[in-house]
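Participant: predicted model, plus sequence, below.
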Amino acid sequence: MAKVADRKLLEDYIVTNNLENYVVLKGNQNQEVVTEAYQNSHFVVLPSKSEGWPKVVAEGMFWGCIPIATCVSCVPFMLDYGKRGVLLEMDLELDIKQLEAILNSEMFFDDKGIKASEWSQKYTLNVFEEEIKKLLRE
């Protein structure tokens with residue numbers, strides 16, 4: 001029930017702020033649709049207060065999306081403390097400055113996307129499976 005209420009809050013916010021031309025809520029999607037969305041996106045945004053292992057951030061990074069996320073759990077490590085993405089301070093002025101810096105420099109933008117992709121590709125299911133096999137052999 002909370003998900004329906006949360007979605008309604010988001011829908012109302014979008015309408016109230018005239019964001020219908022910029023924000024589309026699609027709900028749950030299959031892996032093919034999600035992968036295509038990552039491949040066609042520049043950013044993945046997760047302003048979470050409690051995410052443990054934010055798989056969505058790692059998935060977006062794999063496809064070169066620049067992560068924009070809060071400093072929860074292992075996110076600062078994943079983003080190399082801002083070198084592979086944007087760590088939100090939850091201070092509007094500071095966060096706008098961080099985003100403007102990326103948007104105003106193609107080189108800075110490309111560098112973060114490449115670093116994000118390179119890092120995340122070290123953490124695929126194949127890599128995890130191989131590491132588990134190594135542990136089991138020991």
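Facilitator: Cool, the structure landed.

Participant: only C-alpha atoms from now on, for both contacts and neighbour counts.
Facilitator: Fine.

Participant: tell me where this protein has strands.
Facilitator: Taking DSSP state E as the criterion, the chain carries its strands at 43-46, 66-70, 86-88.

Participant: neighbouring contacts of the second one?
Facilitator: Going back to what we said before, that points to strand 66-70. 42-49, 57, 60-61, 75, 79, 84-90, 112-113, 116 (C-alpha atoms under 8 Å, 6 or more residues apart in numbering).

Participant: who does that strand pair up with?
Facilitator: Neighbouring strands of strand 66-70 in its sheet, by DSSP bridges, are strand 43-46 (parallel), strand 86-88 (parallel).

Participant: turn the ones you listed into JSON lines, including mean pLDDT and mean neighbour count.
Facilitator: Shown next, in JSON lines, are these (pLDDT from 0 to 100; neighbours: other C-alpha atoms under 10 Å):
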{"stretch": "strand 43-46", "mean pLDDT": "92", "mean neighbour count": "18"}
{"stretch": "strand 86-88", "mean pLDDT": "96", "mean neighbour count": "23"}
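
Participant: which of the helices and strands in this protein ranks last by mean pLDDT?
Facilitator: Least confident element among the helices and strands of the chain, by mean pLDDT, DSSP states H and E: helix 125-137 (a mean of 82).
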